[in-house]
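A.B. asks: Build the 3D model from these lines:
(2 chains)
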Amino acid sequence: MTTPVIALQGVAVGYGDRPVVEDVDLVVWPGDVVALVGANGSGKTTLVRGVLGLAPVLAGRVELLGRPAESFRDRWRLGYVPQRHTVGGGIPSNVQEVVASGRLARRRLLSRPTAADREAVREALEIVGLADRRQAPVATLSGGQQRRTLIARALAAEPDVLIMDEPTAGVDAAGQESLARTLTRLVGQGLTLVVVTHEIEPLLGLLTRVVELREGRIVRDEPLTPSTPVVDLDVARRNA
Amino acid sequence: MTGHSVISTVVADGPDLGLLHYAFMRRALLASVLVGITAPVVGIYLVQRRLALIGDGLGHVALTGVALGLLTGSAPTLTALVVAMVGAGAVELVRARARASADVLMAVMFYGGIAGGVLLIGLSPGGTPANLTSYLFGAITTTTASDLVVFGALSAAVLLVVGTLAPRLFVATNDEEYARASGLPVTALNTLLAVLTAATVVVSMRVVGLLLISALMIVPNAVGQVTATSFRASLVVAVAVGLVVSVSGTAASFYVDTPSGATIVLLAIAVFLAAVAFSAGRAAVHARRRHHASGHRHEHGPGCGHEALVHGDHVDYVHDGHRHAAHGAQYDEH
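C.D. replies: From the prediction side, this is the model:
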């Protein structure tokens, strides 16, 4: 039997006592490429933050890779790619440093990086096409390159799923193309993807499923195939 | 402090040995080496978290602890350490719980720290706010042998902790949310950093003054920030700058008879300004090259006559012997 990557049952997520999303039932299977769509304020980012442990789950059951979220320790298996265009704090850091930091959560305290650790980082840089920019300060990269740096950081941990928040926002057309190429390569390798997005066009060839949120509830959850009528997709776009 | 008569003696003895001839200067130089290395190592993570003013703030909170010690007859450094640690914990709590108004709450706490210190000093028999002055401005030249032992222990502890946890501190300060999502103990790491900051500030301010210790945590890292292209290089630059300015500032204050703390801080700021000027000059050169590249009459494209080279995810066009890559509306030189 296959274990779901993410399984939500009657889940509510919010801040303080106020739920932003409610009554969410959602199962993401290995190999799924899911777009989580919805208008601003529909709760899609909040839902993802609940899954990632960044926002409190107020009700329901969250299972991650077959374990209840409360006892799920290997959080690095969910590869989080945040939305922010900018990475790095007050001190400049280069691509290599940021990507290598993604490997850290699965390394033991006080251990030196092993050959496998270094290989995973090298491979992550390779797959997003930034191997030749490893010495570049992240702040000097374009929006698309920064997004690919964050993807590589998540990939360095060799996660079971990538959870991306608005990966195409603020990325120019050329950047979106190479982003889509990178994601296609990853999906080809069998990686599960959950993408929170306003615009599904750049990822159309890739997605296998669309989940739509409206006012904190799931209103649509259906497979996406090349034969899905364009009219249906417009619903997602109109609400975006 | 040292008078001009001392200097003439030094010159007579030979200027090279002059400084080291005096035990108080040997201690001062050793203290400046320790503080010059340790302060930037803690400070880099504060700059990374965009909390550059936190060291100064915790020092203000510690003043209440100093006064409490003087009032109750306990060791002021100890009471200051306890109060500063409580303050550091409060800062973390405020930042976690009240994100929007965190900066205002911190300001309230820091002003309260100074006011509390001055008030409690006034209550203690024979105490005047002047008692607090040495904690604010200090003088590295007054370092005693036992100060050096405490300093050495602090430096060893800080370097050991940061040395073993450096990668984790980097992730937690670089991208707190990502670190949390990937399961790292971010709250514990933040608290540890706050404790290290409080300990560094309190132990050092007794000897070198709050001004010097809080500036040495930040200004060398400001130099790293404008000159380096990686975190590691930035740390190396900051420690080098911290070491050089604190040792040379201590030496300079001996020769020209200026207050040591202020001398070191102004030296560090001079280095920072030089670094800013240098990197601004470098950026101007870059911009001029870029302008040259963007000044072309036509847009490169397939069949434009310039040789095209696929370069990673984009195409470069060979032009006058160098390569141009479209970058937004401009061309980068490759």
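
A.B. asks: contacting residues for residue A:196?
C.D. replies: Going by C-beta atoms under 8 Å, 6 or more residues apart in numbering or on different chains, residue A:196 touches A:36, A:44-45, A:48, A:163-166. For glycine as for every other residue, the C-beta is placed from the backbone atoms N, C-alpha and C.

A.B. asks: What's the per-residue pLDDT of residue B:265 here?
C.D. replies: Looking at residue B:265, its pLDDT reads 95.

A.B. asks: and of the contacts of residue A:196, the nearest to chain B?
C.D. replies: Distance to chain B across the contacts of residue A:196 (C-beta to the nearest C-beta) is lowest for residue A:163, with 8.5 Å.

A.B. asks: What's opposite that closest one in the beta bridge?
C.D. replies: Per DSSP bridges, the residues bridged to residue A:163 are residue A:80, residue A:194.

A.B. asks: Would you quantify the distance from the residue in chain B that chain A sits nearest to to residue B:172?
C.D. replies: Residue nearest to chain A within chain B: residue B:183 (3.1 Å; C-beta to the nearest C-beta). From residue B:183 across to residue B:172, the span is 12 Å (C-beta to C-beta, to the nearest Å).

A.B. asks: Settle it for me: which of the two has more neighbours?
C.D. replies: Of the pair residue B:183 and residue B:172, residue B:172 is the one with more neighbours under other C-beta atoms under 10 Å in any protein chain shown, namely 27 against 19.

A.B. asks: what's near enough to touch the spatially most central residue of chain A?
C.D. replies: Nearest to the mean C-alpha position of chain A, by C-alpha atoms, centre = their mean, lies residue A:163 at 1.7 Å. Residue A:163 makes contacts with A:48, A:51-52, A:78-81, A:194, A:196, as judged by C-beta under 8 Å, 6+ apart.

A.B. asks: Throw the residues you listed into TSV and include pLDDT, thanks.
C.D. replies: Compiled in TSV, the contacts of residue A:163 are given as follows (pLDDT from 0 to 100):
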residue	pLDDT
A:48	95
A:51	96
A:52	95
A:78	95
A:79	95
A:80	95
A:81	94
A:194	96
A:196	94
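
A.B. asks: List just the nearest of the residues you listed to residue B:151.
C.D. replies: Comparing those against residue B:151 with C-beta to C-beta places residue A:80 closest, at 41.6 Å.

A.B. asks: what's near enough to touch the residue of chain B closest to chain A?
C.D. replies: Residues in contact with residue B:183 (C-beta under 8 Å, 6+ apart) are A:73-76, A:105.

A.B. asks: mind checking the SS state of it?
C.D. replies: Following DSSP: H, G, I helix; E, B strand; the rest coil, residue B:183 is assigned to coil.

A.B. asks: what residues are up against the residue nearest to it when sequence neighbours are not counted?
C.D. replies: Distances taken as C-beta to C-beta, 6 or more residues apart in numbering or on different chains place residue A:75 nearest to residue B:183, at 3.1 Å, with adjacent residues excluded. Counting by C-beta under 8 Å, 6+ apart, residue A:75 touches A:52-53, A:105, B:181-183.

A.B. asks: Please tell me the pLDDT value assigned to residue A:75.
C.D. replies: So, for residue A:75, pLDDT stands at 93.

A.B. asks: For the longest helix seen in chain B, list every residue counted as buried.
C.D. replies: In chain B, assigned by DSSP state H, the helix with the most residues is helix B:260-294. Using 16 or more other C-beta atoms under 10 Å in any protein chain shown as the test for burial, helix B:260-294 gives B:260-268, B:271-272, B:275, B:293.

A.B. asks: do the same with stretch B:177-187
C.D. replies: Across stretch B:177-187, burial judged by 16+ other C-beta under 10 Å covers B:178-184, B:186.
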